[in-house]
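**Q** Quick one: sequence plus predicted model below, questions after.
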Amino acid sequence: MIHLYHGLFGKTQDWDNIFDPSELCLKHDLYKEPLSELLALKTTPEDILIGYSMGGRIALQIAYRNSFQLKKLILISTHPGLEPQEISERRVFEEVTLDKMRTLSPAKFAEYWNLLPLFKSSKLRTDLDVDLLTKSAELFENFMLSKTSRPVDALREHKSKILWITGTKDEKYKTIIQERIQPLGIRTFETLTDHRALRDHRKIKSILLNEGIL
């Protein structure tokens, strides 16, 4: 089974251009499934987990909790975890962002989010409303990078099962992957996008086809 996890503010339809309706896959809806149930998934050696951005963090946590008992873990525009010296500064940013999620109107928050350097060349989805923003705040709070461990040893041990994809215009994440993931021996790929790598669905589909996943 292929398990798919969309990103923050994303939706299951984000995968439609990559996976045909006939594909045996489960598109998890992070806004409808309880987080405890998402993380409680028991994987098998035949399972493939694919996550984008925050969905990648969730997929990585599930893989780690299952001691990487799976076939493949594919992480797209996913942060591998912070260095100890980065945690304090990141926590300040996360607390500010969480407060804005809870207090700003959808329009004002979208304006704030779209001005962040990570998203400077693309825009937040236009159907953002109060309900989606509220649920996103809960998701964001539960999967803050400053609260998430970085399983370096596990990544190195299971490197043959992992693929990491990032956008060639995503300078921040591209540098992080080069410095923290490639030295572990994990194979990496690039799409012709910024952080929103799913927009280059042809490239991602090509990678998955070449890896025998599709």
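**A** Looks like it came in fine.
**Q** contacts and neighbour counts: CA atoms only from here.
**A** OK.
**Q** hey, where'd the strands end up in this protein?
**A** For the chain, the strands defined by DSSP state E occupy 2-5, 25-28, 48-52, 72-76, 162-167, 187-191.
**Q** Kindly reformat these as JSON lines containing mean pLDDT, mean neighbour count and distance to Arg202.
**A** Listed next are these as JSON lines, based on pLDDT from 0 to 100; neighbours: other Cα atoms under 10 Å; distance: least, Cα to Cα, whole Å:
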{"stretch": "strand 2-5", "mean pLDDT": "97", "mean neighbour count": "22", "distance to Arg202": "17"}
{"stretch": "strand 25-28", "mean pLDDT": "94", "mean neighbour count": "16", "distance to Arg202": "18"}
{"stretch": "strand 48-52", "mean pLDDT": "98", "mean neighbour count": "25", "distance to Arg202": "15"}
{"stretch": "strand 72-76", "mean pLDDT": "98", "mean neighbour count": "25", "distance to Arg202": "14"}
{"stretch": "strand 162-167", "mean pLDDT": "96", "mean neighbour count": "23", "distance to Arg202": "13"}
{"stretch": "strand 187-191", "mean pLDDT": "96", "mean neighbour count": "19", "distance to Arg202": "9"}
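**Q** could those go into a markdown table alongside distance to Arg180?
**A** Listed next are these as a markdown table, based on distance: least, Cα to Cα, whole Å:
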| stretch | distance to Arg180 |
| --- | --- |
| strand 2-5 | 23 |
| strand 25-28 | 28 |
| strand 48-52 | 18 |
| strand 72-76 | 14 |
| strand 162-167 | 11 |
| strand 187-191 | 11 |
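**Q** Ala110: which of those is closest?
**A** Of all the strands of the chain, it is strand 48-52 that lies closest to Ala110, at 19.6 Å by Cα to Cα.
**Q** What pairs with that closest one, parallel or antiparallel?
**A** Sheet pairing for strand 48-52, assigned by DSSP bridges, gives strand 2-5 (parallel), strand 72-76 (parallel).
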